[in-house]
Structure formats: structure tokens, C-alpha cells
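Novice: Next input, structure requested:
(2 chains)
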Amino acid sequence: MDPDRSGTTVSAKQRRELLKAVVRENVYIKAGKRPPLPWERRRWRRWLVIGVVVPAIAAGSLLLIPAAASRGTAEVTSVVTRPIAARRTVKAPAPGETNALAAAPRLLGEPRPLNRAVFPVGVRRIVLDPGHGGKDIGSRTPDGALEKDITLDIALRLRDLLRKQEGIEVLLTREKDEQVVLRERARFANDRKADLFVSIHLNWLVPATNRGVETFFLGPTEDPFLVQLTSRENRESGYSLADVRRLLDGIYLDLRQQESQQLASAIQRSLYRSLKEETPALRDRGVKSAPFLVLVTTEMPAILAEVSCLSNENEAALLATAEYRQGIAEALRAGIDAYTAKLAQPVVTTARTATGSPT
Amino acid sequence: MSKKDDILFVGIDLGTSQSSITASNGQRHVVKSLVGWPLDMVSRKVLKKDVLIGQEALDNRPMLDLHRPLERGLIKEGSEKDLAAVRELLQNLLSLVGVNGKRESGQRVRAVVGVPAEAMRINKQQLRNTLTGMVDGLMVVSEPFAVAYGKDALLHTLIIDMGAGTTDFCVMMGRYPTDDDQRTLPNAGDSVDEQLSKLVRERYPDAQLSMHMVREWKEGNSFVGKPKSRVTVEAPIKGKPTELDITAELRTACESLLGPIAETMVDLVARVEPEYQQRVRQNVMLAGCCSLIGGLPEALQESLNEFGGGRVSRVADPVFAGSDGGLSIANDAADSDWEKLAT
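Specialist: Residues are numbered from 1 along each chain as shown, chains lettered A, B, ... in the order given. Prediction:
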């Protein structure tokens, strides 16, 4: 018998309402969607934010461009470099429609150059995350090879390779055999404002004849750039920063996923191509999205690479050699290079004019 | 016979240290959340099983690749092995209440599974994916909400569900709790084990301990406040069984929970509308295996004194409070709702 309590029961109707809320939330989970927050159900607010606040944010960011140009740093080209998240979230107004974008016709009349000095998009800081560690050994072969040791070795090799490149700072979530919880790993990368997060793991597949490499991605839910931007632009909007951030979360998640997916693709391609030469039986298990917690809470393009398969006897034997581990590190480096090189390439966009027609 | 009679409803509390299940056929069980596979052919021959679960796995751990697949109440990130372990654990729980693995008889099963209060959507989806094929319908709910629902304590109540991996808080104000109404702390049974292990090693540096031994010592003797008697345990020192007095260490380790829990409790109550704060303070309920620490309700109640006083009590049957609550939700949900949540 539970101890006496005072006034803790609700009416049958309220109980039914509570159950409805549970079911509603689960329907969203089943569909892979985020349940709306209570205040989000007020649609007019949602449209107000999407229709007015977001364009205002975008206009604010665009206004920075001529300001920089006027300082004599930009030359006109017909390209825009990527990625500027806020811009891609903004749909230009339809003809005749007025909103904050219209306040900046000078910017929207023709394709404008984006000075990379104003929006540097290069990768400068990479956090490598050797999976497991300490009492969390990961997988273990019958011979006693531990996943935690191999991932650390590969990460250290990769760090040395990346550090040879000028201007790249490489940090590790752990540099020795210690347990670091996932939250701390993500926090480490977030606190240091890393540009990329690469988590290194080894697969364990059943049956043991299976082998291959695969790379996972998942878009996180927050971004420092947008947080700062909304903070600046929304001060007088009546919404808290958290409100706007949550509202944009769904849109933004897609963008981050896109970046993470591109990084994952580059790494997967490189891993498979490089290692296939050494091990022709290797399978390309592909690029996949998966709910790895460490990828959810990181605030930058983040991937988790299963760089080999410890459950496979042949791969386990290869992993015991320094040459193979070095080969994996080099393949990962090449994948990161491919991604950053693509990132640095200017991309032609079809910017819209103030009247909404593509140029 | 009503349509619902053809269906088995189950509530599951998937815990880091132990998991419980309560079924509509009257059965309920609790097992340690441990899964082990024989290390080699010899082990397999000795054990005569492909996989061992719970206490059996713990007892035979030298011969097993032992996994504790849940971390802070969630499926561990990483290897296929941990996912396989969760599947084995869930399958085992379901088999304990009579669910046939292949469900050849056409038996339908609908499950409500509790997760930590602050579990992310992605974790819930992962759980959903894991249970696909094992049950016909699935709802994932916050663990303290399940406790509140099962205890019919949905108004002006603060539920504190203390497990091994997390301590979950949820203020019930007659509405479905939002993120702001809930908290999850990592200070729970496992953190007590770690603290106790550290303290005992400091005092008896030559003693040979394992985390399983430390956990058993805690489970049998934990307390806060003044000890009722000395707590002595046995551990080998240089191979010789030796009696160790761990009274002070156990008390210190258990009391390490008090500060964070009391602080979170007060913080959550302070967020309630002012006119209801007093009522919530009078209805603080502890559940979960870690709430069995002796003297805990009294110590937490004392911490409320400087905030106007209150009453903290332990629910009846705290180990099954989550799974019982899950079953209540499963039973109450309409058929049409379950159809929306088919796996």
C-alpha cells in the first residue's frame, strides 16, 4: 500500500487527455518526427517567425556582405561560396510579396559576390573521437585485441597525418586508454568549436564472415552560427532565443545532416577505395544514417566511421599490423581532404532578384 | 470475450542494472540487465547455452563475453553486440511472461517501455527499431511518468525514479510533462558503486575487488544517515579471505546522492506555480531500485525543511513501479490508439 497522499489524482477525463498526449508523442516518434512543442501548435506564431523573423535574420546576414566589400576586400565574381546555413533556409518572397528581404534590394538585384574573408568556410579544427576507452573496451576478438586500443591507434595516426597540413588543428576526445562518456565527447568538440567531428569505431558483424566498411551520419540540432545570428536579430521580437532556435531546429537539422552526409560520403568512398586494394573481399556497406548519440549532440558536421570489422578473422589479423592501421588513417585523411576541398570550391547559385525571378 | 482479451499487454522498465516486466496475464519478473555469450566452444559445452541472461550470466561471467547493454537507461552506442544484447534481454523478458519467441500462435503483444525522462527522440526511435518484430504495438514513455500514471499520482506530485544509470525527476501537474517538467541526473546506483569502490580501495589498498562484488555489497546494505549496525563484507587480500568494515565508506558513497537529488528536487518545485508548491512538496514519491537505500526518504525530507517542509515517501513495490505503470498505460490506451502505434 502506498503512503497517503493529498490531492494527487485527476479526473477520468484528464487521464484520457494524458493518454492522448502519450499516444500523440509516440505517433511522432514512429514517424521519425519531432513532436511539436506546445507553443508551436499556435500556427500563426510559427508562420510569423518563418515569414518575418527568418527573412529578417537572412537580410541581416546579407547586409554584412557589402559592408565588407566597401572595406575594399571583395572582387566581383559570379559565385557564392558555401555553406551559409541561414541563407539556405530562406525562401525568397514571391512576386509582389513584401517582407524584410525587400528592404535590401541592392543585394538581391543580381548575383553578388561573397567575400570569403567575411565568411571563412574552411575547416580549421577537427576533433577525432577514438571509440570506447577505459573499462568500455568495445568489441574484443578471441585473441584479446580490443576495439578501444585499435581506434585510439588509428586516431593518433590520423592526427599526425592531419597535423602535417598547415592551418589544421587536430584534437582528440581521448589520447590515452580512458573512459570518456559520450556527452563529454560531444561537449569537448562543441566547446572547442570544432569544424568537423570524426568518430572512429570498428564493426562487429554477425555472422563473422561479414566484413566491410560503413560510415554513419546524423545531423545535430543546434548550430552556433544560427544561435548567434538569431540572438542578434531577435532581441526585439518578443521571442526568446531558445524559442526561435527550437522552431528552426527542424529546418536546420536537415542542413546539418546534409553536411554530415557529404562528409560521410567522402570518407566512405575513400575508405572503401583505399582498403579494397589491400583486401579485395572488402564490402562497401555504404553511408547510412543512424541514431548514434555522440552524433546527435555534436554541433558540427559529424560522422561515425566503422573503419573495419573486428569480428572478421581476416580483418582482425590485418588490424594487428601497423601498416593496415596506417592505411586506414591515410584513407580517413584522404576522405577528410576530399570533403574540405569540395567545401572550399566556389559553387554557382541561382540567386533570385528582388522580384523573385531567377537570374 | 472482448477483443482486448486476445492481446497480452506488458509494461517494461528497461533499466541499466535491472529490468522489470509486468504483464496483463498477472506475471511479473525482474532480471539483471546482463547478457553473456560463451567465450569459446569449451564454455559453450560447459554452459550448454548460446546465451545467458541476468543472474545466470553474472554467475558464469568468467566463461562469458558479458555485456551490460544499457548505459544511463539507454541502449549503448556502438557495436552490434550491444544491440544484440538488448534484443536478447527484451526477448528474455517477454519469454518470462509467456511470449513465444516466434509467436506462432498468433498471439498479439502490446508493450509500453519506460526510458529516462530526458531521453532524446533519437533514443526512443532506436528502442522502437530494436523492438520491431518482437511486439505488435509499442509506446515509449518517460519512466517517471509511467510511475506517476501507475500510482495515479498525476497531480501536484514530484516523482523521483532512482535507477542504476540515472535518477529521473518529473513534476506531475495534471498535464503531460514537457521537457521543463522533467530532469535526468547521472547520480544514481552506478555512481554509488563507483564511489564505494574508490573509497574501499583507498582504505584497503590490497583488497581485491570487482565491481560486481561492490554492487552486491551496496544492494544488501546501503543506507544514509546514522548506521544501525556495522557493515562488514568479505574480500580477498593477497588471496586470503578477509573481513572488511565498509560502514563509513558505504555511508559516504550513498550520501553522495543526497546533494544533487535534493538540489534538483528543490529546483523543480520552485518552477511550479507558487500556489501549488506546498502541495507538490507534500507529495514527493521515490521509486526505482536505488530508492531502497535505507533512510533515503527521511534524509530527503529533511532537506526540504529549510524550504517550508514537505513529505517524501517511497512507493510500495518500487522495483516494479515503472513496469506496473507501463502496464496501466498499455491497458488504458484504446485499440484505435494501438493501431496507430503498430511496429
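Novice: Show me where the stretch 251-359 of chain A has its strands.
Specialist: A:284-289, A:302-309 (DSSP state E, counting those that start in this stretch).
Novice: Oh, that last question was meant for the stretch 151-300 of chain B, not what I typed.
Specialist: With DSSP E, counting those that start in this stretch as the criterion, the stretch 151-300 of chain B has strands spanning B:155-162, B:167-173, B:182-185, B:232-237, B:240-245, B:284-287.
Novice: The ones you listed: which one's closest to chain A?
Specialist: strand B:155-162 (4.8 Å; Cβ to the nearest Cβ). Every C-beta, even on glycine, is put in place using the N, C-alpha and C of the backbone.
Novice: what lines up beside that closest one in the sheet?
Specialist: When sheet partners are counted by DSSP bridges, strand B:155-162 sits next to strand B:167-173 (antiparallel), strand B:284-287 (parallel).
Novice: Dump the helix ranked longest in chain B to CSV, restricted to CA.
Specialist: Across chain B, the longest stretch assigned as helix under DSSP state H is helix B:80-96. The C-alpha trace of helix B:80-96 is given here as CSV (Å, rounded to 0.1, in the frame of the first residue of the first chain):
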residue,chain,number,x,y,z
GLU,B,80,26.2,-4.7,-33.0
LYS,B,81,26.9,-6.8,-29.9
ASP,B,82,25.3,-4.4,-27.6
LEU,B,83,22.3,-4.1,-29.8
ALA,B,84,22.1,-7.9,-29.9
ALA,B,85,22.3,-8.0,-26.1
VAL,B,86,19.4,-5.6,-25.8
ARG,B,87,17.4,-7.8,-28.1
GLU,B,88,18.2,-10.9,-26.1
LEU,B,89,17.3,-9.1,-22.9
LEU,B,90,14.0,-7.9,-24.2
GLN,B,91,13.3,-11.3,-25.7
ASN,B,92,14.1,-12.9,-22.4
LEU,B,93,11.8,-10.5,-20.5
LEU,B,94,8.9,-11.3,-22.9
SER,B,95,9.5,-15.0,-22.7
LEU,B,96,9.3,-14.8,-18.9
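Novice: which element follows that helix toward the C-terminus?
Specialist: As assigned by DSSP states H and E, the chain's next helix or strand after helix B:80-96 is strand B:108-115.
Novice: about what we covered before: could I get the strands of the stretch 251-359 of chain A as CSV with mean neighbour count, distance to B:Arg203 and mean pLDDT?
Specialist: Formatted as CSV, those follow (neighbours: other Cβ atoms under 10 Å in any protein chain shown; distance: least, Cβ to Cβ, whole Å; pLDDT from 0 to 100):
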stretch, mean neighbour count, distance to B:Arg203, mean pLDDT
strand A:284-289, 16, 49, 80
strand A:302-309, 28, 41, 92
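Novice: Output those as TSV; include the columns distance to A:Arg333.
Specialist: Shown next, in TSV, are the strands of the stretch 251-359 of chain A (distance: least, Cβ to Cβ, whole Å):
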stretch	distance to A:Arg333
strand A:284-289	18
strand A:302-309	12
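Novice: Determine which of the ones you listed approaches chain B most closely.
Specialist: The nearest among the strands of the stretch 251-359 of chain A, by Cβ to the nearest Cβ, is strand A:302-309 at 8.5 Å.
Novice: What distance do you get for whichever residue of chain B sits closest to chain A to A:Val10?
Specialist: When scored by Cβ to the nearest Cβ, chain B has B:Tyr176 as its residue closest to chain A, at 3.4 Å. B:Tyr176 sits at a distance of 11 Å from A:Val10 (criterion: Cβ to Cβ, to the nearest Å).
Novice: shared neighbours of those two, anything?
Specialist: Listed as contacting both B:Tyr176 and A:Val10 by Cβ atoms under 8 Å, 6 or more residues apart in numbering or on different chains are A:Leu18.
Novice: can you pull the contacts of B:Glu249?
Specialist: Contacts of B:Glu249 (Cβ under 8 Å, 6+ apart): B:Leu196, B:Leu199, B:Val200, B:Arg203.
Novice: nearest spatial neighbour of it, skipping sequence neighbours?
Specialist: Closest residue to B:Glu249 apart from its sequence neighbours, by Cβ to Cβ, 6 or more residues apart in numbering or on different chains: B:Leu199 at 3.9 Å.
Novice: roughly how far apart are A:Lys30 and A:Val127?
Specialist: 33 Å.
Novice: More neighbours: which of those two?
Specialist: A:Val127 (26 against 18; other Cβ atoms under 10 Å in any protein chain shown).
Novice: what's across from that one in the sheet?
Specialist: In beta-bridge terms (that is, DSSP bridges), A:Val127 pairs with A:Leu171, A:Phe197.
Novice: Helices of the chain, start to end?
Specialist: The chain I'm using is chain A. A:12-30, A:43-48, A:54-69, A:85-89, A:105-108, A:147-163, A:182-191, A:224-233, A:241-278, A:293-296, A:313-319, A:322-344.
Novice: hmm, I had chain B in mind actually
Specialist: Using DSSP H, the helices assigned to chain B run over residues B:41-47, B:54-59, B:80-96, B:121-131, B:143-150, B:189-203, B:211-221, B:247-255, B:258-270, B:274-282, B:296-304, B:321-332, B:335-340.
Novice: weakest of these in terms of mean pLDDT?
Specialist: The minimum mean pLDDT among those belongs to helix B:121-131 (a mean of 77).
Novice: In that helix, which residues are buried?
Specialist: B:Arg121, B:Ile122, B:Asn123, B:Lys124, B:Gln125, B:Gln126, B:Leu127, B:Arg128, B:Thr130, B:Leu131 (16 or more other Cβ atoms under 10 Å in any protein chain shown).
Novice: CA atoms only: put that helix into CSV for me.
Specialist: What follows is helix B:121-131 as a C-alpha-only set of coordinates in CSV (Å, rounded to 0.1, in the frame of the first residue of the first chain):
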residue,chain,number,x,y,z
ARG,B,121,13.7,11.3,-29.6
ILE,B,122,16.5,9.5,-31.3
ASN,B,123,16.9,7.1,-28.4
LYS,B,124,13.2,6.4,-28.4
GLN,B,125,13.4,5.6,-32.1
GLN,B,126,16.3,3.3,-31.5
LEU,B,127,14.3,1.5,-28.9
ARG,B,128,11.4,1.3,-31.3
ASN,B,129,13.6,-0.2,-34.0
THR,B,130,15.0,-2.7,-31.6
LEU,B,131,11.6,-4.0,-30.6
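Novice: relative to helix A:12-30, how tilted is it?
Specialist: Per axes from the mean of the first three to the mean of the last three Cα atoms, to 10 degrees, the angle that helix B:121-131 makes with helix A:12-30 is 80 degrees.
Novice: and the angle for helix B:121-131 with helix B:80-96?
Specialist: Using the same axes, to 10 degrees, helix B:121-131 lies at 60 degrees relative to helix B:80-96.
Novice: How about the residues of the stretch 201-343 of chain B by chain A?
Specialist: B:279, B:282-283, B:285, B:313-316, B:329, B:332-333, B:337, B:340-341 (Cβ under 8 Å from any Cβ of the partner chain).
Novice: farthest-separated two in those residues?
Specialist: Within these, B:Gln282 and B:Lys340 form the most distant pair, 37.5 Å apart (Cβ to Cβ).
Novice: higher neighbour count, the two?
Specialist: B:Gln282 (21 against 15).
Novice: which residue packs closest to that one, ignoring adjacent ones?
Specialist: Nearest one to B:Gln282, counting by Cβ to Cβ, 6+ apart, is B:Arg311 at 5.0 Å.
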